[in-house]
Structure formats: structure tokens, C-alpha cells
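A.B. asks: please find the sequence and the predicted model below.
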Amino acid sequence: MSAQAVGWWWIPALVLLAGGPLAAHEEGVAGDDQGRVLAAAEGAVLPQRARVEAVNRMLRQRLDELLPRLMRESGIEMWLVVSREYAEDPVYLTLVPEPVFAARRTTILMFHDRGADGVERATVSRYDVGDLYRSVWQGGDLEQQWQRLGELVRERDPQTIGVDVSHDWPVADGLTASLRDRLLAALGAEHAARVVSAEKLVVRWLETRSRLEQEVYPHVVALARGVIAEAFSDRVITPGVTTTDDVAWYIRQRFADLDLQAWFMPYVNLQRPGVACDPDNPFCGTSGVIHRGDVLHTDVGICYLRLCTDTQEMGYVLRPGERQAPAGLRRALAVGNRWQDVLTAAFVTGRSGNEILAAALDAARAEGIRSMVYTHPLGFFGHAPGPTVGMWDNQGPTPVRGDWPLHPDTAYAIEGNVIVQVPEWDGQWVRIKLEQSALFDGDAVRYLAGRQTRWHLVR
């Protein structure tokens, strides 16, 4: 059954029908499950043309249902997003429909909150932008385009005009200096005085997930997890031959073959008995040839249907005669899962990222768990805006971004690590580095495609 035949809205079900990632991931993936994961991934990724309808349907819902609420919450009556080709505002491509790749010349998007009549969407540009933005300029030279913008603003007479300038949030700082100069001149003194930063609106727009996005997101995460399961298997790894770099490049190539965009180079490393892990080293791991008895770790991220993932999982290379990882390693992974529970229990609507961090670290210490937290939002970007919950090099408060409050319907990479002594390794410390994509619905955190609770096993 093809994706085109069933329609894009069924794509989360495709993985289940194939018996792949969503069916296996809550308890981890091992052994024969890896082949089923591979089969699922092969048939569950939409071709480029079919993605247009999926993305645009989600975008229309965001613009119709989400944007009016966020503009009012942010106190912005009019929002102007101005971009030039080759220098697009970071938020621009989250606002325009597929198959738009870039701004055309100077493209101005205008959003005007008309109260009970909803938010007017228009483009002060020569062309409509898909069927989501009608053009309100008949054409002419650049000077006439700016003049027309000024006329439109004065006709609508908004009391607040939000523009994308920000000292603290790069994603909300997309208005270039020259465009800002042109904009203020076009508005005239009276309306230029009403210009304010739209940073709150931009962050809330980027961090909030719509109903349709929440339906689709588990599928995207499951695809990323499926490739990890495949990579950490004897389909890919020959102990004594394959290197960590070989596996990293396999993952990158596999994403490319599936037409999935990696947003950073996959990372693979190993730990092994006799190669000490300094308890103060936040990561612990080395590269090189993979041998039996090694612990493996990977960090990967993809973006598909405009939604990005970030995932870290652990693997173990079985020694001759072993059918599972040693008990000490299984316990270490269980400690990592308990740490995840402690962290996600600290997610409470309205708490800042810094408050969540402090609560989670205190609770983990009370249980004797040695942990680090460096959790971040996910969405249109892998490192998205929203509340920062710790950083690997700062386990204390993070100014500004750590002060941002937690809102419902926001997604996160639940990221960090625990360090545990393993008896089978003569008490050597092992870092369990975990990261899973999850959604906070206002009451609780739920993993979008399960989480790793069993070791990936290379037989």
C-alpha cells in the first residue's frame, strides 16, 4: 500500500501497519525486530510531491487556529515579516507553504488582527504566496513596494506593530538592519513609534505544536529511531572491522537514501572495559574499531515534514555466548530510565526551564542518581526556542532562555546522562547518554515514539 494511495493523514499508521518502530520501540529494539524496523522505514516516507499537501495542511491549521491566539497573547496587533532572497528571516520558511524555498526579491508578509473578523494574511509582494497569502500590491519598483506597505499600515492603523528584532533569541532577530531602516521610513514617524519586538510571538509560534503536528510527530521520531536500530545491529557492524565513523556515515547515508534530512552529522562513540571513564567527564567515549563487549552510543537528528527530532541511544556488542547485555549494564540503563522519569516529573506548566532543572537535579540526588541535564525544545529547528533546561557545560541557571516558562503543546529532547559503576567491568564508570523526543501536553510528558528501555544488541 503506497503513501499516495492511503492519503498523507494516515502516515503515522503506516509504521504500525508495517510492524515497525512504533510497535517495538517502547521496550527497545533488538534482534529480529531490527529487520521489521528497516522494512517499515522503506515504505513509510512520503515522496517529495506528496509532502506538499501534508505540510500545507498543517500550516493552514497553524495559521487559522494558532496564530490569532498567539498574536493576542503577545499583544501584537500587526506582525510584519520582511525577507530578501538569500537573507531570509529564520521564521519565514515556517510561515510559507510548500514548495516555497526562498523569498522572492523582497517579500513582505503582513498579519493584521481584526478581532472578531480574524487575522488578515497578505503579502506586499508582486505575487500571491500559494493560496495562503493574497498579494495586496499590483507591482512596480522597490520604492513603490515600500510605499504600498506604508499605505496599508496607515489604512489599518494598528496600535502595535511587531517586527523580528531580538537581543536574546536568534530566531526572532531576522529583520536585517537595512530592511529595518527601510521599514521605519515607509511607516512614517507616527506608526514607526508603534513598532515593538515580536520576539515573544516568534518564540511562541515556533515552540507550539498544533493538533495535526502532534499526530504526525510520532511518525517522524519513529523513522529516526528505526535507523538507529538498524545501525546498531549486525546488519551494519562487524566486530573487529567496523569503526564508529563507519556507523556514523552509514546513518547519514541511510537518511539520505530515505530522503530524510539530517540536521547535523550523526555521532557514534564507544566505551569499553579498561578505558576509564572519568566521572567528571560529561560525555565519556572514544572512537575507533568496534569490538565485542563494547558499549556504543549515537546522537542523530532529522527533519521531515518540517518537524525535527533529536535522539541518543545506546548499544552493546555481545561477546561469544552472551544473549543479552551484562546485568550491570542493564541496571545502568534502568537508572537512565529512572532519571528520565525524575526529569519529566518536574515538567509543570508555568515553571521556567531553570526551575525544572533545579527540581530534577535535587530529586535525582535524593535517589542517589549521578546525572546531568541538558534538555532543549524541538520543533521547526532541532535546537528550537523555548525553555532551556540545563546545558552540558552549565548545570545551573541559564539566563533568559532558562527563564522562559513551560507551555502546553510543546516538544522537547529529553536529553542528559547518568553515570553508573558496572560490576562486570570491575566497578568502572559507564555513561548512559539518552535523548528522546517528547511532547508536554500541559499535564505530563509523553514520548512521541516510545523510549529505549532495552539495549540495542549487535550479535
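C.D. replies: Received, thanks.
A.B. asks: can you map out the helices along the stretch 301-450 of the chain?
C.D. replies: Secondary structure of the stretch 301-450 of the chain (DSSP state H, counting those that start in this stretch): helices at 327-345, 353-366.
A.B. asks: figure out which of these is closest to V418.
C.D. replies: helix 327-345 (4.9 Å; CB to CB). Just so you know, the C-beta spots here come from the backbone N, C-alpha and C atoms, and that holds for glycine as well.
A.B. asks: now render the helices of the stretch 301-450 of the chain as a markdown table, adding mean neighbour count, mean pLDDT and distance to C277.
C.D. replies: Rendered in a markdown table, the data for the helices of the stretch 301-450 of the chain read as follows (neighbours: other CB atoms under 10 Å; pLDDT from 0 to 100; distance: least, CB to CB, whole Å):
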| stretch | mean neighbour count | mean pLDDT | distance to C277 |
| --- | --- | --- | --- |
| helix 327-345 | 19 | 98 | 11 |
| helix 353-366 | 19 | 98 | 19 |
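A.B. asks: reformat those as JSON lines; add distance to A87.
C.D. replies: Output for those, formatted as JSON lines (distance: least, CB to CB, whole Å):
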{"stretch": "helix 327-345", "distance to A87": "38"}
{"stretch": "helix 353-366", "distance to A87": "30"}
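A.B. asks: how much space between L258 and G226?
C.D. replies: For L258, the distance to G226 equals 9 Å [CB to CB, to the nearest Å].
A.B. asks: neighbour count: the two, which is higher?
C.D. replies: Neighbour tally, L258 and G226, criterion other CB atoms under 10 Å: the higher count belongs to G226, 31 against 17.
A.B. asks: A222 - that's part of a strand, no?
C.D. replies: No. Assessed with DSSP: H, G, I helix; E, B strand; the rest coil, A222 is helix; it does not lie in a strand.
A.B. asks: how near is it to G130?
C.D. replies: As defined by CB to CB, A222 lies at a distance of 29 Å from G130.
A.B. asks: and the two? Which one has more around it.
C.D. replies: More crowded of A222 and G130, by other CB under 10 Å: A222, with 29 against 16.
A.B. asks: would you agree the more buried one is in contact with A449?
C.D. replies: Yes. Distance between A222 and A449: 4.0 Å, which falls inside the contact criterion (CB atoms under 8 Å).
A.B. asks: how about the strands in the stretch 1-150 of the chain?
C.D. replies: 78-84, 106-113, 119-123, 134-135 (DSSP state E, counting those that start in this stretch).
A.B. asks: and among those, the most buried is which?
C.D. replies: Ranked by mean neighbour count under mean count of other CB atoms under 10 Å, the strands of the stretch 1-150 of the chain are led by strand 78-84, which reaches a mean of 24.
A.B. asks: now do it: which elements does it pack against?
C.D. replies: strand 106-113, helix 142-156, strand 161-163, helix 177-192 (3 or more CB pairs under 8 Å, 6 or more residues apart in numbering; DSSP states H and E).
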